[in-house]
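J.: Coordinates only, no sequence provided:
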Ligand SMILES: [Zn+2]
């Protein structure tokens with residue numbers, strides 16, 4: 001290329017033209033450096049994290065794509081102008097990979113597909129590095145200006161053809177070596193920021209969109225039957241962002257759960273001492289709870305089958321599903337309850353949602369009062385999800401006086417705000433305690449066997465108590481995001497009818513219990529049997545075997561905890 005540029009320069013002849021040619025040459029080199037930056041950044045990152053085969057695949061694919069695009073463009077100006085959109089998405093892809101330590105995948109696609117514009121702008125507002133927007137825009141403008149002002153120089157000169165020929169020849173042994181391991185080859189292709197971003201936007205995003213609409217759920221009949229007759233009622237409350245160590249029932253110094261403390265002390269509720277979330281994101285954890293899918297199955301792309309409500313319905317239960325949450329999580333599982341309750345809120349998703357979980361209580365009480373059926377009532381609420389200060393009414397602002405919080409505070413580095421964050425989180429736990437009291441006391445009125453199970457989707461990291469981690473959804477294992485509080489309350493009629501289940505629950509209460517155990521346990525409590533039943537996954541069974549894999553999904557990727 002240098003010779004060609006030099007030739008172009010000397011052809012111009014005059015001093016002014018030589019000067020212009022020098023400038024154009026500098027522009028061309030600058031553009032070359034900018035456009036190859038995403039690939040070089042991915043290459044440097046890969047050297048520390050990836051296998052040799054994957055790295056070679058990255059290099060190989062970069063050469064082939066550059067050759068292909070160059071053949072189509074034929075001039076440097078057209079090459080840089082045409083590849084501008086690819087360069088933008090490839091840069092975003094590389095930045096995302098390097099910042100999060102993983103190439104963008106299903107987790108990000110699900111988050112982006114499920115998010116409204118308002119949520120995306122909210123996420124942008126809390127992005128600590130948003131000052132970078134201006135420099136990024138400046139670099140993009142520079143790229144466009146430089147490329148549009150380039151002279152019409154051909155790409156293919158003798159020099160570029162020689163270099164290109166050598167590079168293309170090198171791709172043959174690289175390709176032969178890389179092709180020997182298809183998994184590493186695929187990983188290497190995803191490392192290429194151009195191909196990776198095309199796969200992400202062209203395949204992952206549409207797939208995530210379908211997934212959120214439940215189109216990928218493959219339901220087949222369970223052939224379930226109920227092993228007993230008569231009326232009984234089972235309630236499952238899927239909690240949200242519940243940090244075990246922030247509950248006084250588990251020893252927290254602040255009295256955040258006075259009602260549950262009393263219940264546990266009286267032996268009315270069995271606290272699960274070592275409940276662990278399978279995932280640290282709602283979209284992953286809740287489907288695992290309701291279908292029994294393990295982290296390993298979810299990580300290998302296992303499709304969701306029928307869920308707990310389908311199983312219960314098949315066995316003759318009346319089902320209700322009450323949602324004060326991002327309804328996308330319910331559609332993702334293709335929930336089809338006999339009664340679906342989804343009270344309106346100005347905000348469909350999670351951010352900005354302000355309806356308190358008590359909006360579900362009228363529908364819950366109506367289901368409790370619906371005598372004559374065996375009933376399963378599931379609830380998915382906002383629990384203690386950020387923004388914490390929206391999760392409780394003013395009269396429950398017991399701890400501190402967190403007045404200064406806004407949606408932006410979760411990204412704060414101002415340590416004086418950390419106390420306010422912790423205070424408002426604790427107030428949300430107090431509200432959860434009050435909410436569970438309303439649920440359990442209403443169920444207590446029943447004369448028929450009844451159980452109430454509370455199991456949150458995941459935990460939450462506190463900036464003051466967890467060494468700087470905040471919230472949930474980290475790309476690595478943060479204990480507070482997985483250690484959750486959970487409990488089962490059983491009424492006297494149920495205890496009398498099924499003493500063996502109560503004994504098993506008490507015996508298993510200190511063992512490690514995982515999200516995907518909830519499915520089999522609820523089925524077991526409800527007395528449902530089916531050919532594919534796995535009693536060793538039910539912690540209400542004496543046959544329970546704790547999951548010993550120590551594997552969880554951290555931001556959707558299988559991760560082993562230390
Ligand atoms: Zn969640």
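T.: Received, thanks. Keep in mind the model is a prediction, meaning the values are calculated, not measured.
J.: Count the neighbours of residue 337 for me.
T.: By other Cβ atoms under 10 Å, the residues close to residue 337 number 21. Just so you know, the C-beta spots here come from the backbone N, C-alpha and C atoms, and that holds for glycine as well.
J.: how far away is it from residue 330?
T.: 9 Å (Cβ to Cβ, to the nearest Å).
J.: Now list whatever residues contact both of those two.
T.: residue 321 (Cβ atoms under 8 Å, 6 or more residues apart in numbering).
J.: Would you mind giving the secondary structure of residue 215?
T.: Using DSSP: H, G, I helix; E, B strand; the rest coil, the three-state assignment for residue 215 comes out as coil.
J.: now it: how far from the ion?
T.: Distance of residue 215 to the ion, computed by Cβ to the ion, to the nearest Å: 23 Å.
J.: what's that residue sitting at in phi/psi?
T.: Per-residue torsions, residue 215: phi -70, psi -20 (degrees, to the nearest 10).
J.: can you list the domain ranges for the chain.
T.: The chain resolves into domains spanning 15-212, 232-560 when parsed by automatic domain parsing.
J.: out of those, which comes closest to residue 222?
T.: Residue 222 lies closest to domain 232-560 among these, at 4.4 Å (Cβ to Cβ).
J.: Quote the end-to-end distance of the closest one.
T.: 39 Å (Cα to Cα, to the nearest Å).
J.: Stretch 237-246 now?
T.: 19 Å.
J.: three-state assignment of residue 448?
T.: Going by three-state DSSP: residue 448 is coil.
J.: and the residue lying closest to it once chain neighbours are set aside, how many neighbours?
T.: Residue nearest to residue 448 in three dimensions, not counting chain neighbours: residue 231, with 4.4 Å by Cβ to Cβ, 6 or more residues apart in numbering. For residue 231, the count of nearby residues is 15 (other Cβ under 10 Å).
J.: Next up, the contacts around residue 231.
T.: By Cβ under 8 Å, 6+ apart, the neighbours of residue 231 are 371-375, 448.
J.: Tell me if it really is in a strand.
T.: No. Under three-state DSSP, residue 231 falls outside any strand and is assigned coil.
J.: Without its sequence neighbours, what residue ends up closest to whatever residue of the stretch 101-250 of the chain ends up closest to the ion?
T.: Closest residue of the stretch 101-250 of the chain to the ion, Cβ to the ion: residue 240 (4.8 Å). Of all residues not flanking residue 240 in the chain, residue 383 sits nearest, at 3.1 Å (Cβ to Cβ, 6+ apart).
J.: any idea how far the nearest residue to residue 299 once chain neighbours are set aside lies from residue 295?
T.: With Cβ to Cβ, 6+ apart as the criterion, residue 299 has its nearest non-adjacent residue at 3.9 Å, and that residue is residue 558. Residue 558 sits 6 Å away from residue 295, going by Cβ to Cβ.
J.: Also residue 496?
T.: With Cβ to Cβ as the criterion, residue 496 and residue 295 are 37 Å apart.
J.: For these two, work out which one has more neighbours and name it.
T.: residue 295 (26 against 11).
J.: now that one: how far from residue 26?
T.: 52 Å.
J.: Get me the contact residues on the stretch 251-400 of the chain for the ion.
T.: With Cβ under 5 Å from the ion as the criterion, the stretch 251-400 of the chain comes near the ion at residues residue 282.
J.: before we move on, what about the stretch 401-550 of the chain?
T.: Residues of the stretch 401-550 of the chain lying near the ion (Cβ under 5 Å from the ion): residue 457.
J.: Strands along the stretch 401-550 of the chain, start to end?
T.: Per DSSP state E, counting those that start in this stretch, the stretch 401-550 of the chain carries strands over the ranges 450-456, 483-490, 512-514, 528-529.
J.: Would you tell me which helix is longest in this structure?
T.: helix 15-49 (DSSP state H).
J.: residues near the closest residue to the ion within the chain, how many?
T.: Nearest to the ion, among the residues of the chain, is residue 282, at 3.1 Å (Cβ to the ion). Residue 282 has 27 neighbouring residues, counting by other Cβ under 10 Å.
J.: Tell me, what's the model's pLDDT at the closest residue to it other than its chain neighbours?
T.: The shortest distance from residue 282 to any non-neighbouring residue, by Cβ to Cβ, 6+ apart, is to residue 457 (5.0 Å). Confidence at residue 457, expressed as pLDDT, is 97.
J.: repeat for the one 5 residues further on
T.: With respect to pLDDT, residue 462 has a value of 88.
J.: Kindly report the same for residue 340.
T.: So residue 340 comes in at 93 (pLDDT).
J.: doesn't it fall inside a strand?
T.: Yes. Under three-state DSSP, residue 340 sits within a strand.
J.: Distance-wise, check it relative to residue 61.
T.: From residue 340 to residue 61 the distance is 46 Å (Cβ to Cβ).
J.: sec struct for residue 364, please.
T.: helix.
J.: OK, contacts around residue 193?
T.: 38-39, 41-42, 89-91, 93-94, 97.
J.: Show me which of those is closest to residue 172.
T.: Nearest member of the contacts of residue 193 to residue 172, counting by Cβ to Cβ, is residue 39, at 19.9 Å.
J.: Could you give the number of residues near the nearest residue to that closest one once chain neighbours are set aside?
T.: Distances taken as Cβ to Cβ, 6+ apart put residue 62 closest to residue 39, at 4.7 Å, once the chain neighbours are dropped. Applying other Cβ under 10 Å, we find 23 residues neighbouring residue 62.
J.: State the distance from the residue nearest the centre of the chain to residue 334.
T.: The centroid of the chain falls nearest to residue 281 when counting by Cα atoms, centre = their mean (4.0 Å). Here residue 281 is placed at a distance of 19 Å from residue 334 (Cβ to Cβ).
J.: try residue 427
T.: 35 Å.
J.: if I pick residue 509, what's in contact with it?
T.: 270-273.
J.: What are the phi and psi values at it?
T.: phi -60, psi -30.
J.: And for the closest residue to it other than its chain neighbours, the neighbour number?
T.: Leaving out its chain neighbours, the residue that sits closest to residue 509 by Cβ to Cβ, 6+ apart is residue 270, at 5.2 Å. Neighbours of residue 270 under the rule other Cβ under 10 Å: 22.
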